[in-house]
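1. fold the following for me, if possible:
(one chain, ligands or ions: 2)
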Amino acid sequence: MESKINKQMCLSSYIKVPLPSGELEELIEKAQDWAIMHGLGIRTNTNFSKDSMQYAPFTLLPSTFPRLEFQDACEIQTILNILIHKVAHDYEFLKETLASTICVDEFTRKLFDIYETVYREGFNQKLSLGLFRSDFMLNSYCYDGNNFKVANVNDSDEVKKEKSFCCWKQVEINTIASGMGWLGTVATKFHKFVLHELGMKNLIEYLPENNAIEGLCDGMLEAWRMYNDPRAIILFVVEEFSTNICDQRGHEFQIKRRNPDVKVVRRTLKQLTSETKLGSKKELILNDSAVVAVVYYRYGYSPEHYTEQEWKVRLLIERSLAIKSPSIQYHLAGTKKVQQALAKSGVVEKFLEDEKNVERVRKIFTGLYSLDFDEEGNRAFEMAVNNPERFVLKPQREGGGNNIYGSDIKKFLITIKNSQERNAWILMDRIYPPSQLNYAITAKDSATNNILKELTPEAGIFGVIIGDDKNNIFVNKQVGHLFRTKKADSNEGGFIAGAAACDSPFLID
Ligand code: ADP
Ligand code: MG
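-> Ligands and ions are numbered 1, 2, ... in the order given. Purely as a prediction, here's the structure:
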């Protein structure tokens, strides 16, 4: 393991950085134009104009990553798909796990109410379509029970060796709006182009194949086919102004490439409140004309996405015959509370039969703790207050920017010590990933000074699953990956916020 991490920190043993300055500037300009021309782009959310586009933040070079860890993460995805599917179809487990959370977290409660309603009525559509993304980071710290030591790029090789071990750990699994399938796929092509430009064609083989966009869209098309109505459409639920438009349209246009006869329609939840109704067989009907076969949510994962009207339309969709990605039960199975419950001893075993699979899945979990008012929760609470640097505090939210880190954890926990609000949060061991030097290029900061930085990648592996309420599984695949890379010293790398860049793995042995 030590040899891996030392190499991991050393992209320059493959590609020397800094690149010579004249060459660098020319390459960056070319790369920026390549990005714009090939859909590695975003809309600027500063002027909310649909008329312009800029390149998405990117790393100029791919990030080195240990091959075995990457392969392991890819291989495990189909097991995680099954795990989430089974969790999502275990009513008692979801009810028990989320019981304390829904007492205090209104958003999760509203989702759960919809779930209870459709569960009691009986699901009109038995199939669920999962377009999941499991996010993970390399972990390079060593905790001996009292102290923990983080490997640092400035440490000598010997110190690094002493301090470090390196394996991958899951950050979370996304079951709703798991985006970046398009951008991840284009990033691979982008880095192949850059290596070519650098005269390093021989290094292209270090970049793993990435067909995420094909795999995700084939998943949607398979669900569409299973719906079995050639005139039915695919509905994307989106926000009014999508910054991440290339990624969303990337999915739409890929569906068109694969099957030009399938119509894709984009609607906001608000539009759907007046444009949808259920047909006599509970079909989801849009604008009195089109039947919806598949609903793909790129929105609807956050409380501010809903007013009462929009909650009603979510329920209407859940009651319909359309195949949802995610169904309400898939959505709930992706909550942080469920992740924390799965990490308790003996829980994964309830859902996976094969002992080897159980062991593989358990290995990727970091410590996850409830903060509920019981002995276990009180212990976790004290642990976090006494050693906040070791943890991340998370609410039941998606989309980034909601977690609490470092000394803020202590300050915050003290304010909710005697409040039921504790139940809305979970505590997680903090992962300290190794870093490496790379160029981060963002449109708002396109000058070439200060762009060579210590960066750290976060990986995401995409999985597609289609299964029913009896745990029959019709499709179960790992379909590709995405890398988002942030500054080593920042807590989170929100991509849309411009704090993370599109990246690709450069696999080393
Ligand atoms: P969200 O659903 O908002 O995306 P995440 O659990 O993915 O929530 O957390 C957001 C970001 O915070 C992650 O992408 C990662 O950069 C950082 N993060 C989350 N959990 C950890 C952790 N245990 N250790 C270190 N960083 C973390
Ligand atoms: Mg996340």
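
2. only C-alpha atoms from now on, for both contacts and neighbour counts.
-> Will do.

3. how about the residues of the chain near ligand 1?
-> Within the chain, the positions near ligand 1 by Cα under 6 Å from any ligand atom are 171-172, 392, 397-402, 428-431, 491-493.

4. mind giving me the PyMOL command for buried ones among those?
-> Of the residues of the chain next to ligand 1, the buried ones can be selected in PyMOL as follows, counting by 16 or more other Cα atoms under 10 Å:
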select buried, resi 171+172+392+397+398+428+429+430+431+492+493
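
5. spatially nearest residue to N403, not counting backbone neighbours?
-> Once flanking residues are discounted, N403 sits nearest to K394: 4.8 Å by Cα to Cα, 6 or more residues apart in numbering.

6. is it fair to say the one you found lies in a helix?
-> No - going by DSSP: H, G, I helix; E, B strand; the rest coil, the assignment for K394 is strand, not a helix.

7. on that earlier part again, okay, and which of the residues of the chain next to ligand 1 map to strands?
-> Mapping these onto strands (DSSP state E) picks out V171, E172, V392, M428, D429.

8. hmm, the first one is touching M137, no?
-> To tie it back to what came earlier, the one meant is V171. Yes - here V171 lies in contact with M137, judged by Cα atoms under 8 Å, at a distance of 6.9 Å.

9. before we move on, the earlier item: any chance of the ones in strands among the residues of the chain next to ligand 1 in a markdown table, with distance to R249 and pLDDT too?
-> Formatted as a markdown table, these follow (distance: Cα to Cα, whole Å; pLDDT from 0 to 100):
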| residue | distance to R249 | pLDDT |
| --- | --- | --- |
| V171 | 27 | 97 |
| E172 | 25 | 97 |
| V392 | 34 | 97 |
| M428 | 34 | 97 |
| D429 | 36 | 95 |
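
10. okay, those residues in TSV with distance to K344 next?
-> Formatted as TSV, these follow (distance: Cα to Cα, whole Å):
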residue	distance to K344
V171	16
E172	15
V392	17
M428	12
D429	14
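
11. where does the prediction get shaky in this structure?
-> 1-13, 141-166, 445-449 (pLDDT under 70).

12. in it, which helix is the longest?
-> In the chain, with assignment by DSSP state H, the single longest helix is helix 67-88.

13. name the next helix or strand downstream of that one, please.
-> helix 91-104 (DSSP states H and E).

14. which residues are contacting that following helix?
-> Residues from elsewhere that reach helix 91-104 (Cα atoms under 8 Å, 6 or more residues apart in numbering): 87-88, 108-109, 112, 332-333, 337-338, 341, 372, 420-421, 423-424.

15. just the buried residues of that helix, please?
-> Within helix 91-104, the residues that count as buried by 16+ other Cα under 10 Å are F93, L94, T97, L98, S100, T101, I102, V104.

16. of the contacts of helix 91-104, just say which sits nearest to ligand 1.
-> For the contacts of helix 91-104, the residue nearest ligand 1 by Cα to the nearest ligand atom is K337; the value is 11.1 Å.

17. Validate this expectation: the closest one resides in a helix.
-> Yes - counting by three-state DSSP, K337 is located in a helix.

18. does it touch Q396 like I think?
-> Yes - counting by Cα under 8 Å, K337 touches Q396, with 7.0 Å between them.

19. those two: which is more packed in?
-> Neighbours per residue (other Cα atoms under 10 Å) separate K337 from Q396, with K337 holding more: 26 against 20.

20. quick one: residues contacting the more buried one.
-> T97, L98, T101, S370, Q396, W425, I426.

21. quick one: the strands in the stretch 401-509 of the chain?
-> 404-405, 425-429, 436-441, 452-467, 473-487, 500-503, 505-508 (DSSP state E, counting those that start in this stretch).

22. what helices and strands are in contact with the last one?
-> Counting by 3 or more Cα pairs under 8 Å, 6 or more residues apart in numbering; DSSP states H and E, the packing neighbours recorded for strand 505-508 are helix 2-8, strand 63-66, helix 67-88.

23. which strand residues bridge whichever residue of the stretch 1-150 of the chain sits closest to ligand 1?
-> As assessed by Cα to the nearest ligand atom, ligand 1 sits closest to D135 within the stretch 1-150 of the chain, at 7.0 Å. Counting by DSSP bridges, D135 forms beta bridges with E172, G460.
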